[in-house]
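Participant: Give me coordinates for this.
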Amino acid sequence: MDTEKTGFVKYDVFFQLLDLHKVALNSDAVQYLKKNFSRNQTINFKEAVNQITIDLEAAGGTNEDATDGKMKWTVFALQKRKTFS
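Facilitator: Have a look, this model is predicted:
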């Protein structure tokens with residue numbers, strides 16, 4: 001993928017690989033990754049992949065975004081933070 005070992009790959013390669021692995025990100029998550037981990041239509045795949053996670057709150061069915069236990073992918077920065085009193 002990255003023959004020059006720069007850590008960057010083209011957008012289409014990165015997002016196609018996510019699709020092949022059934023990691024479906026919403027448009028906010030895609031835009032966040034592009035904004036924070038890209039340069040010249042390429043993305044730093046190691047750093048971007050490290051930000052991808054399962055939205056456990058949605059998967060658990062505890063809020064309005066619940067999907068009845070289905071995996072919903074997101075990035076850490078976009079996860080809703082719970083505050084405990």
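
Participant: Okay, and the nearest residue to Ala77 once chain neighbours are set aside sits in which element?
Facilitator: Leaving aside its chain neighbours, Ala77 sits nearest to Tyr32 (6.0 Å; criterion: Cβ to Cβ, 6 or more residues apart in numbering). Where you see a C-beta, it was placed from the backbone N, CA and C, and this is true even at glycine. Using DSSP states H and E, Tyr32 sits within helix 27-37.

Participant: Model confidence for Leu78, exactly?
Facilitator: Confidence at Leu78, expressed as pLDDT, is 77.

Participant: Give the full set of residues in contact with it.
Facilitator: For Leu78, the contact set (Cβ atoms under 8 Å, 6 or more residues apart in numbering) comprises 28-29, 32.

Participant: among these, which ones are buried?
Facilitator: By the neighbour-count criterion of 16 or more other Cβ atoms under 10 Å, the contacts of Leu78 include these buried positions: 29, 32.

Participant: Pick out whichever of the contacts of Leu78 sits closest to Gly7.
Facilitator: Nearest to Gly7 out of the contacts of Leu78 is Tyr32 (Cβ to Cβ; 18.1 Å).

Participant: now that closest one: how far from Lys5?
Facilitator: Tyr32 is 25 Å from Lys5, where distance means Cβ to Cβ, to the nearest Å.

Participant: Tell me, how many residues neighbour Ile43?
Facilitator: 23 (other Cβ atoms under 10 Å).

Participant: beta partners for it?
Facilitator: In this entry, Ile43 is beta-bridged to Val9, Ser38, by DSSP bridges.

Participant: My guess is it contacts Lys34. True?
Facilitator: Yes: counting by Cβ atoms under 8 Å, Ile43 touches Lys34, with 6.7 Å between them.

Participant: C-terminal to the lowest-mean-pLDDT helix or strand in the chain, what's the next element?
Facilitator: Of all helical and strand segments in the chain, the minimum by mean pLDDT, DSSP states H and E falls on helix 56-60, at a mean of 64. Later in the chain than helix 56-60, the nearest helix or strand by DSSP H and E is strand 73-75.

Participant: With that, I have no additional questions.
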